[in-house]
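In: sequence isn't available, so here's the structure alone:
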């Protein structure tokens, strides 16, 4: 079983992200593996163990994104590949899907696992677009994965409950947190990752030209800071506090 | 100008943001609705009442269960025939896939989770949050048709016009299914945090009621979960009285107190209800990014230094096991329930 985990590198959730001169800045906040993609790596490693397979971590990004790939290697991925090319600076979701599809085709895989969305763009559409481009089944928002020979069954975690869906391999799967807590890199894993040579593929290695940017950004805006001062509600008893608080909430006209 | 709107429903229960999308479509001209799957006729009837001028329905047996491939192929075929300038979806788990795939089929791309959409020349300028709503971007699509999904509650819901109807046209399912649905285990009630006006949430603190004695025979972890369930029962009571949904912090979900579908914040749902009541939630940044855009935030927490109070409009430092039931009673009395 060949499994590919698609990951991205993003600024940490704690970063103070700002718009500066039309560019996005996150100060000196660290760049990390997209938190949703840690679940993708975890899901991939679970399947590697269940099927005696291999996991390749795949990432599009600048040279610095090797750090995110090293995190995946330290968790237990067998190999990592970075796709990096100056022509990929303005990549929209479909563009990313086209590049990933070409790379997946080149590597060859039975199962391609994504996180449900990225922390930065947050569109959550690249997995489905990759599946559509490749003609593979899309199994989205999986909370568990079970492989049986050439088929895979997942439990989709939806608003209305759980849906159990089966498809033939190869398939594209996006996972949610219910897949299981991402494992911590082991000491051995970290050592292995630090020594790993991560191959960098350009667009010419993939044999494709740069995808046309279809959705373009015109402007970046920082939302106005919210001025909230908290009003603490106190009283002699819970009933009195509740009484006062209920009146305040009713006066806000939000019910 | 013609806009095609996909009405998202699950076995006939419509995601209310579908009606908001119809409202946006009407603002630009004619609204044509697409309704697929079981109970499509009833949904179509409502679509007319919320403003659709025409409805295309596909209640083919091949569309009984939502499957992304057949739904996308059927939708793309319909869109190719109708040739609309704009295609709108409400943002839901299903439509993120569907819109993504339809965009591939139609040689365009999709703009997701929009909070604003304005006509500009013969195209549109869209606004959407990025970086967990820390920033917003204005974007446009250079290809045609323009495909977008709209964030729930970001656009006004149109008035329902009782009894309004229009032309209904049947369409056939297209494409080949690539997966089969083997079963459902439905939640007790649907958890649609994105559409909720009011969310009452619980965190790690809901398990922290020392006065409760768990039934005999539970180990430590089971006893903790039992305690948490008693705590969430109080949270749920308050949510019921207010007609709201139940949310949870990641800590509560990770500890196994409540299913993942309730999770607010990073790796869960980003929400912006009118009222958000956080009970026993300390307010880690991962939770705050998911709810800080709520109009009115109320926090109940034992710890006066909890970061949740920094984003709250009203705060109570106290025991949620006393405050929450008292608040439920106060609302019952005041709202006449």
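Out: That came through fine. What you see is a predicted model, and the numbers here were worked out from it, not measured in a lab.
In: which residues of the stretch 51-200 of chain B fall in strands?
Out: Assigned strands in the stretch 51-200 of chain B, in chain order: B:54-58, B:86-90, B:110-114, B:116-120, B:123-130, B:135-141, B:146-150, B:167-170, B:179-186, B:198-202 (criterion: DSSP state E, counting those that start in this stretch).
In: what helices or strands is the helix or strand residue B:18 falls within leaning on?
Out: Here residue B:18 sits within helix B:17-28, counting by DSSP states H and E. Helices and strands touching helix B:17-28, by 3 or more C-beta pairs under 8 Å, 6 or more residues apart in numbering or on different chains; DSSP states H and E, are strand B:2-6, strand B:30-36, helix B:40-49, strand B:86-90, strand B:146-150. For the C-beta atoms, the positions are set from N, CA and C on the backbone; glycine is no exception.
In: as TSV, the strands of the stretch 51-200 of chain B with mean neighbour count, distance to chain A and mean pLDDT would be great.
Out: Below are these laid out as TSV (neighbours: other C-beta atoms under 10 Å in any protein chain shown; distance: least, C-beta to the nearest C-beta, whole Å; pLDDT from 0 to 100):
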stretch	mean neighbour count	distance to chain A	mean pLDDT
strand B:54-58	22	19	97
strand B:86-90	28	11	98
strand B:110-114	26	4	97
strand B:116-120	15	9	96
strand B:123-130	20	6	96
strand B:135-141	19	4	96
strand B:146-150	27	9	98
strand B:167-170	13	26	96
strand B:179-186	14	4	89
strand B:198-202	28	7	97
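In: adding distance to residue B:159, write those strands out as a markdown table.
Out: Putting the strands of the stretch 51-200 of chain B into a markdown table (distance: least, C-beta to C-beta, whole Å) gives the following:
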| stretch | distance to residue B:159 |
| --- | --- |
| strand B:54-58 | 18 |
| strand B:86-90 | 18 |
| strand B:110-114 | 22 |
| strand B:116-120 | 20 |
| strand B:123-130 | 24 |
| strand B:135-141 | 28 |
| strand B:146-150 | 18 |
| strand B:167-170 | 21 |
| strand B:179-186 | 31 |
| strand B:198-202 | 21 |
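In: closest one to residue A:45 among those strands?
Out: For residue A:45, the closest of those is strand B:179-186, at 23.5 Å, according to C-beta to C-beta.
In: which residues does that closest one contact?
Out: The list of residues contacting strand B:179-186 from outside it, by C-beta atoms under 8 Å, 6 or more residues apart in numbering or on different chains, reads A:137-139, A:153, A:160-167, A:171, B:65, B:67, B:69.
In: any idea which of those has the most stuff around it?
Out: Highest neighbour count within these: residue A:139, with 29 neighbours (other C-beta atoms under 10 Å in any protein chain shown).
In: tell me the secondary structure for that one?
Out: Following DSSP: H, G, I helix; E, B strand; the rest coil, we place residue A:139 in the strand state.
In: and the angle from the helix or strand containing residue A:246 to strand B:198-202?
Out: Here residue A:246, judged by DSSP H and E, is contained in helix A:238-251. Calculated by axes from the mean of the first three to the mean of the last three C-alpha atoms, to 10 degrees, helix A:238-251 forms an angle of 150 degrees with strand B:198-202.
In: ok, which stretches of the stretch 101-250 of chain A are helices?
Out: A:126-134, A:187-195, A:203-206, A:238-251 (DSSP state H, counting those that start in this stretch).
In: for chain A, which helix is longest?
Out: In terms of residue count, the longest helix belonging to chain A (DSSP state H) is helix A:35-51.
In: mind listing what's buried along it?
Out: Across helix A:35-51, burial judged by 16 or more other C-beta atoms under 10 Å in any protein chain shown covers A:35-48, A:51.
In: from those residues, pick the one nearest residue B:168.
Out: When these are ranked by distance to residue B:168 (C-beta to C-beta), residue A:36 comes first, at 40.2 Å.
In: just give the nearest non-adjacent residue to that closest one, would you?
Out: In this structure, residue A:36 finds its nearest non-sequential neighbour in residue A:115, 3.0 Å apart by C-beta to C-beta, 6 or more residues apart in numbering or on different chains.
In: pLDDT score for the one you found?
Out: For residue A:115, the pLDDT comes out at 97.
In: beta-bridge partners for it, please?
Out: Beta-bridge partners for residue A:115, by DSSP bridges, are residue A:175.
In: show the contacting residues for it.
Out: A:7, A:34, A:35, A:36, A:37, A:38, A:39, A:40, A:174, A:175.
In: closest to residue A:79 among the residues you listed?
Out: residue A:7 (13.0 Å).
In: so how far is the least confident helix or strand in chain A by mean pLDDT off the chain centroid?
Out: Here the helix or strand of chain A ranked lowest by mean pLDDT, DSSP states H and E is strand A:18-20, holding a mean of 91. Strand A:18-20 has its C-alpha centroid displaced from the chain centroid by 23 Å (C-alpha atoms, centre = their mean, to the nearest Å).
In: and if you look at stretch A:153-167?
Out: 19 Å.
In: close to chain B, is it?
Out: Yes. Stretch A:153-167 reaches chain B (C-beta under 8 Å from any C-beta of the partner chain) through A:153, A:157, A:158, A:159, A:160, A:161, A:162, A:163, A:164, A:165, A:166, A:167.
In: now the residues you listed in a markdown table, with pLDDT?
Out: Output for the residues of stretch A:153-167 next to chain B, formatted as a markdown table (pLDDT from 0 to 100):
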| residue | pLDDT |
| --- | --- |
| A:153 | 98 |
| A:157 | 91 |
| A:158 | 87 |
| A:159 | 83 |
| A:160 | 84 |
| A:161 | 85 |
| A:162 | 90 |
| A:163 | 92 |
| A:164 | 95 |
| A:165 | 97 |
| A:166 | 98 |
| A:167 | 98 |
